[in-house]
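1. Pasting the sequence and the predicted coordinates here, then a few questions.
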Amino acid sequence: MKKLLLQLWRAWFYIVAGIPVLILFPFLVLILLLPNAYPIVFWIARNIWAPIILTGCGFYTKVRYAKPLPTGTSYVLVANHTSYIDPFVMLRVSKNPFVFVGKKELVNIPFFGYIYKRAAIMVDRSDKKSRWAVYGRADQQLDKGFSICIFPEVSYEDDTIFLNPFKRGAFKIAIDHQLPVVPMVFYDCKRKHPWYPNFGYPGELRVQTYPEIYPPKDMEEIFPFQEKVRDVIDEGLRNDPKKKQFEAVAMEKKIAEKAMV
């Protein structure tokens, strides 16, 4: 019975996520015809879509800011990425418009894909040309005054990994444009709504932001820079008094071991 309820709850996430898109789709199509439509789309995503999904699935966010997010400048938001709900949590963190860098496969989702490819920077991780093209599209968004959000882990497929190594993309953008990077930790998403529907439950989703980290001037310093940011997120996860990331990893390992028997 418990497993059935879990599966129904997970399926409910897609229903709750899809209904607002269907209802708002004609309105969003018209908005996207405007010359400077993105701030309106961002406002709708942050204040309507994300709250409907999070509340509808029984979640509420609790964000602790180490300091206010930078003002009067663009910046790069980075966090650990362990759940389909991470983007909606991120939308609740920043009131200032930012643009997601996300995987190209989401374009194939009916209705949502039409909005997504006009409101996000898409990347095909398997295509080197696509990965390089991200920088040019990011330049265009930064020129408009928006910030960029990238979940920098190299892979999300193995839930038994505590925190994956980071890709360089977010940090190259930060160095190229001399933008501060704002690290943050999503403590609970991996335990309460992991990629694979093996476990989970509704409740509080805690976020901790950290003071911005300014990039070096020299691109040769990119690796120490990205590792400095990764260390902040890794330490934040490890110092969580509730140890939710540890708990989630332990459960995933136990499931993986049973599958191998």
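-> Arrived safely, thanks for sending.

2. Now do the contacts for the residue lying closest to residue 13 once chain neighbours are set aside.
-> Closest residue to residue 13 apart from its sequence neighbours, by C-beta to C-beta, 6 or more residues apart in numbering: residue 57 at 5.4 Å. All C-beta spots, glycine's among them, are computed from the backbone N, C-alpha and C. When contacts are counted by C-beta atoms under 8 Å, 6 or more residues apart in numbering, residue 57 is found next to 9, 12-13, 16, 85, 193, 202.

3. which among those residues end up buried?
-> Neighbour counting by 16 or more other C-beta atoms under 10 Å classes 9, 13, 16, 85, 193 among the contacts of residue 57 as buried.

4. The first one is in contact with residue 200, isn't it?
-> Yes: judged on C-beta atoms under 8 Å, residue 9 makes contact with residue 200 at a distance of 7.4 Å.

5. For the protein, give the helix that spans the most residues.
-> helix 2-31 (DSSP state H).

6. In terms of secondary structure, what does that one contact?
-> helix 38-44, helix 50-56, helix 112-119 (3 or more C-beta pairs under 8 Å, 6 or more residues apart in numbering; DSSP states H and E).

7. what inclination does it have with respect to helix 112-119?
-> 50 degrees (axes from the mean of the first three to the mean of the last three C-alpha atoms, to 10 degrees).

8. Buried residues, helix 2-31. List them.
-> For helix 2-31, the neighbour count (16+ other C-beta under 10 Å) marks 9-10, 13, 16-17, 20-21, 24, 28 as buried.

9. need the contact list for the closest residue to residue 161 other than its chain neighbours.
-> Closest residue to residue 161 apart from its sequence neighbours, by C-beta to C-beta, 6+ apart: residue 249 at 7.4 Å. Contact partners of residue 249, counting by C-beta under 8 Å, 6+ apart, are 159-162, 190.
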